[in-house]
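Undergrad: sequence and predicted structure, then a few things I'm wondering about:
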Amino acid sequence: MRGSLAAPEPSRAPSRIQRLRAFLVTWLPPFSPALAVALALVLFSGAGPLERARNLAFDQFQRWEPRHWSYGTPVRVVDIDAETLERHGAWPWPRRLIGDLAESLAAAGPAAIAFDMLFSEPDPFAPAALLSELPELPEREILAAAMAARRELSVDALARAFERGPFVASMALAASPTDSGALKFDYALEGPDPIAAVPRFAGAILPTPELRAAAKGVGAVNQSPEPGYVARRGSLVMAVGPAGANPVLVPSLAAEALRLAFSPGEKPVVRAVEQTWLTGRPGAVGVANVRIGDASVPTEPDGSVRIRFSGPQAERRIPAWRILNGDVHRDELLGRILLVGSSAPELADMRATPLNPATPNVEVQAELLEHLLGGSRLSRPPWAAKAEALAVLLLGAAIAFCAVRLRATEAALALAVALALTAETSWLLFQRMELLFDPLTPSAGMIGAWAAGAVIARRRNDRERRFVREAFRGALAPALVEEVAQAPAAIGLDGRRIEASVLCCVVHGLDQRVAALAPEDAIALIRALQSPLAATALAHGATIARQDDFGLVAFWNAPLPEPRHAERACETAFALMRAFARAEAFVALESARRGENHAHLRLGIGLTTGRALVGDMGGPERFDYAIRGEPVAAAARLAALTEICDLPALAGSALAAQAPDLFFVGLGPWGPDGEPIFALHAKKEMQDKDIKAFLEIHNQALAAIARQSPQAQALMRRAVAHPAGAGYSDFYRWRMRLAALSGG
């Protein structure tokens, strides 16, 4: 079976450049999505879209397994909630009332008290402010003098309370420059200056000078900016200073509360390190940790800490009205860090967290303190993006290989396993080590590599199917061609050895007839005879290996398996005899119609079974799926022998043994090896009832011929006279001649 599939070109070994080009054409397209995602992870790891995508996964991890909260946690929120406002009046409160609350808290002996609310303006309910609202009458002057004598005009009740306890006042860092005044505390530095790495603000909205002077610390209430305005991190250190000025490091509210609780006489120490090898930016500096007293808190390069949230806890909150009413036992506050804020809708600064879409800022501060005090170290290391990029490259390459080389279901299964392993690894790192490894972007790279590989594999398979359809067109029946095209890799074009049944048929006398005809008449005769033969063979599932003007060679059991290949070959032989008889009769009628003499043509068929080599035996310029081996040569010899012995179909012993439903007549040994040959007689259901009688006479005749017995002629006549032996007369005469020659 031959077919020209490409323009002929010289056959030579591919050069290195050609091999490199073939490698890139094969592997670069399926691997490119993983490469693109890996580059994006390295170059844009902090960009909004990637950051938002990975935060979705990290938030889900926290929802699945939030931080454990216990009653013994040393942090409480003193909540000026809606009920407190209903009992003690709407906000704003007089500083005197807030001072009463502060003094009640300080009296309980807490470790630190931090107010998560700004007091940047003077008290509108202070005596001096109220006196200024009175008309200028002598009575106002008398009242003012009396209050001044008792020092009620110059004393801030809240500032007086701040002087009596470990209070931290709040400040808000602003984007525009402000008259910040002197900050109460700053940080000590260890290592290079980290100012460029931490969040920087131009100014700060500070408490009133009286409160700044009275408070033991001032901390910023700002949170680290996050995509989607979700609070996931809490800053420990920030910078304040307008453009062109030297900024200073300032503590957060949580950091100041920790300092007052554990080391009130020491400055926190910020340790910074160079991170060029992690960021790829020469001279890059990041914060490594913040040391507060004896505790060292690892941070991200910008000085923030990722919070592992526990979610809302009712026992964490103490309503402020209970403090004012004296309903809270001292032991509930003793030694704890107290955060004063509000959850009332009209006061609360609400933030979204991974566990709650609306959380008061004071509770976020409490979650940060609990996270630090509980020993949680949830972090995303600076090298995480590079590790994820490496995972994308390795897993993407593996998935691309699977998509290109394996079947679609196997590649999809490999992708599912890789995705599951990535998700499970990310979850275990979070659960066991509190490390945040992004499962989404590596998964996106793998899915992209799989999709690209699947597209390339589909296109390759389509090309292979088109190639197979074109190559096997005319060599297989259309239905079988389509079946082969669905699995082109399984047909073994590169060669395989199989057991096959081979049929070789020859039209005896055709060469002499063709030589006597005009060219157009010769071609018409060949077509009239060969077309029915090829169509019949294809209809019986044969693969046509060769077809020429004198016959064809067909075989079974390749490229598609055929368990009954011997029987199919015999059935095809019967069908070929019938098809040839009809075609030869048609040719005879046409010759008679034109007044031409018609020389009788005969069909000879040889059938064998044995081990043979099948595959594409053509060169680079053409496709030739063929069969080679002894069965092919033996079938050709048997087909040629049919002309001598005048039997239509001869078969080898191996084929006859594998076709038990067919009737074969043994013809004795033949050839130099003395292999027995058989005549294909009929299907067993078509046998004559007394066929055994014919076989007995036939075997006696062959034995007599071999001995050159005088009884041979009589036995031959008896065998030919039997209905089953009508076509064996020429065969017996041929055997007689062979016996005479060998005897002579």
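TA: Nice, thanks for sending it over.
Undergrad: drop to CA atoms for contacts and neighbour counts, all remaining ones
TA: Fine.
Undergrad: just the buried residues of the lengthiest helix in the chain, please?
TA: Determined from DSSP state H, the single longest helix within the chain is helix 440-472. By neighbour count on 16 or more other Cα atoms under 10 Å, the buried set for helix 440-472 is 440-457, 461, 464-465, 467-472.
Undergrad: quick check: which element contains I318?
TA: Assigned by DSSP states H and E, I318 falls within strand 317-319.
Undergrad: so which residues make contact with that strand?
TA: The contact list for strand 317-319 (Cα atoms under 8 Å, 6 or more residues apart in numbering) reads 76-81, 84.
Undergrad: for the following helix or strand past that strand, which helices and strands make contact with it?
TA: Downstream of strand 317-319, the next assigned helix or strand under DSSP H and E is helix 320-325. Here helix 320-325 touches helix 82-88, helix 95-107, going by 3 or more Cα pairs under 8 Å, 6 or more residues apart in numbering; DSSP states H and E.
Undergrad: one more time with 7 Å
TA: Using 3 or more Cα pairs under 7 Å, 6 or more residues apart in numbering; DSSP states H and E as the contact definition, the elements that helix 320-325 packs against are helix 95-107.
Undergrad: ok now the helix or strand following the helix it packs on, how far from the chain's centre?
TA: Proceeding N to C from helix 95-107, the next assigned helix or strand is strand 112-115, under DSSP H and E. Relative to the centre of its chain, strand 112-115 is centred 51 Å away, using Cα atoms, centre = their mean, to the nearest Å.
Undergrad: would you map the strands across the stretch 551-700 of the chain?
TA: Assigned by DSSP state E, counting those that start in this stretch, the stretch 551-700 of the chain shows strands spanning 551-556, 602-616, 622-628, 649-652, 662-670, 675-683.
Undergrad: just name the most buried of these.
TA: With neighbours defined as mean count of other Cα atoms under 10 Å, the strands of the stretch 551-700 of the chain peak in mean count at strand 649-652, which reaches a mean of 27.
Undergrad: my guess is G286 meets P194, correct?
TA: Yes: under the criterion of Cα atoms under 7 Å, G286 makes contact with P194 at 5.9 Å.
Undergrad: which residues does the closest residue to F664 other than its chain neighbours contact?
TA: Excluding the flanking residues, the one nearest F664 by Cα to Cα, 6 or more residues apart in numbering is L680, at 4.9 Å. Neighbour list for L680: 649-651, 663-665 [criterion: Cα atoms under 7 Å, 6 or more residues apart in numbering].
Undergrad: which among those gets closest to A157?
TA: Lowest distance from A157 to those (Cα to Cα) belongs to A651, with 120.6 Å.
Undergrad: which one is the closest one nearest to, not counting chain neighbours?
TA: Distances taken as Cα to Cα, 6+ apart put L607 closest to A651, at 4.5 Å, once the chain neighbours are dropped.
Undergrad: pretty sure that neighbour contacts A656?
TA: No: L607 lies out of contact with A656 (Cα under 7 Å); the separation is 9.0 Å.
Undergrad: that older thread, for the residue nearest to F664, give its distance to L647.
TA: The gap separating L680 from L647 is 9 Å, by Cα to Cα, to the nearest Å.
Undergrad: show me the protein divided up by domain.
TA: Listed domain ranges for the chain are 22-64+381-468, 75-373, 492-683, 688-744 (source: automatic domain parsing).
Undergrad: tell me which of the ones you listed sits nearest to L480.
TA: Closest to L480 of those is domain 492-683 (Cα to Cα; 7.5 Å).
Undergrad: show me how far the closest one is from its chain's centre.
TA: 52 Å.
Undergrad: please apply the same query to stretch 389-401.
TA: For stretch 389-401, the distance to the chain centre is 9 Å (Cα atoms, centre = their mean).
Undergrad: show me what counts as buried in that stretch.
TA: Buried-residue list, stretch 389-401, by 16+ other Cα under 10 Å: 389-401.
Undergrad: and stretch 220-238, by the same measure?
TA: By neighbour count on 16+ other Cα under 10 Å, the buried set for stretch 220-238 is 220-224, 230-238.
Undergrad: among those residues, which ones are in strands?
TA: Per DSSP state E, strands hold the following members of the buried residues of stretch 220-238: 220, 233-235, 237-238.
Undergrad: between which two of those residues is the distance greatest?
TA: A220 and R233, at 14.2 Å, using Cα to Cα across those.
Undergrad: picking that back up, okay, the domains of the chain in TSV with distance to P478 and mean pLDDT next?
TA: As requested, these are exported to TSV (distance: least, Cα to Cα, whole Å; pLDDT from 0 to 100):
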stretch	distance to P478	mean pLDDT
domain 22-64+381-468	11	79
domain 75-373	61	85
domain 492-683	9	85
domain 688-744	37	81
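Undergrad: adding distance to L480, write these out as TSV.
TA: As requested, these are exported to TSV (distance: least, Cα to Cα, whole Å):
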stretch	distance to L480
domain 22-64+381-468	11
domain 75-373	60
domain 492-683	7
domain 688-744	36
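Undergrad: closest one to E482 among the ones you listed?
TA: Per Cα to Cα, nearest to E482 of these: domain 22-64+381-468, 8.4 Å.
Undergrad: picking up where we left off before, let me have the contacts of strand 317-319 in a markdown table, extended by secondary structure, distance to A612 and neighbour count.
TA: Output for the contacts of strand 317-319, formatted as a markdown table (DSSP: H, G, I helix; E, B strand; the rest coil; distance: Cα to Cα, whole Å; neighbours: other Cα atoms under 10 Å):
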| residue | secondary structure | distance to A612 | neighbour count |
| --- | --- | --- | --- |
| R76 | strand | 87 | 24 |
| V77 | strand | 88 | 26 |
| V78 | strand | 91 | 27 |
| D79 | strand | 91 | 26 |
| I80 | coil | 93 | 22 |
| D81 | coil | 92 | 21 |
| T84 | helix | 97 | 18 |
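Undergrad: residues contacting M238?
TA: 198-200, 249-251.
Undergrad: between these, which is nearest K216?
TA: Ranked by distance to K216 (Cα to Cα), these are led by P251 at 12.9 Å.
Undergrad: specify the local secondary structure of the closest one.
TA: Per DSSP: H, G, I helix; E, B strand; the rest coil, the local secondary structure of P251 is strand.
Undergrad: how close does the nearest residue to it once chain neighbours are set aside get to L429?
TA: Closest residue to P251 apart from its sequence neighbours, by Cα to Cα, 6+ apart: V237 at 4.8 Å. Using Cα to Cα, V237 is found at 27 Å from L429.
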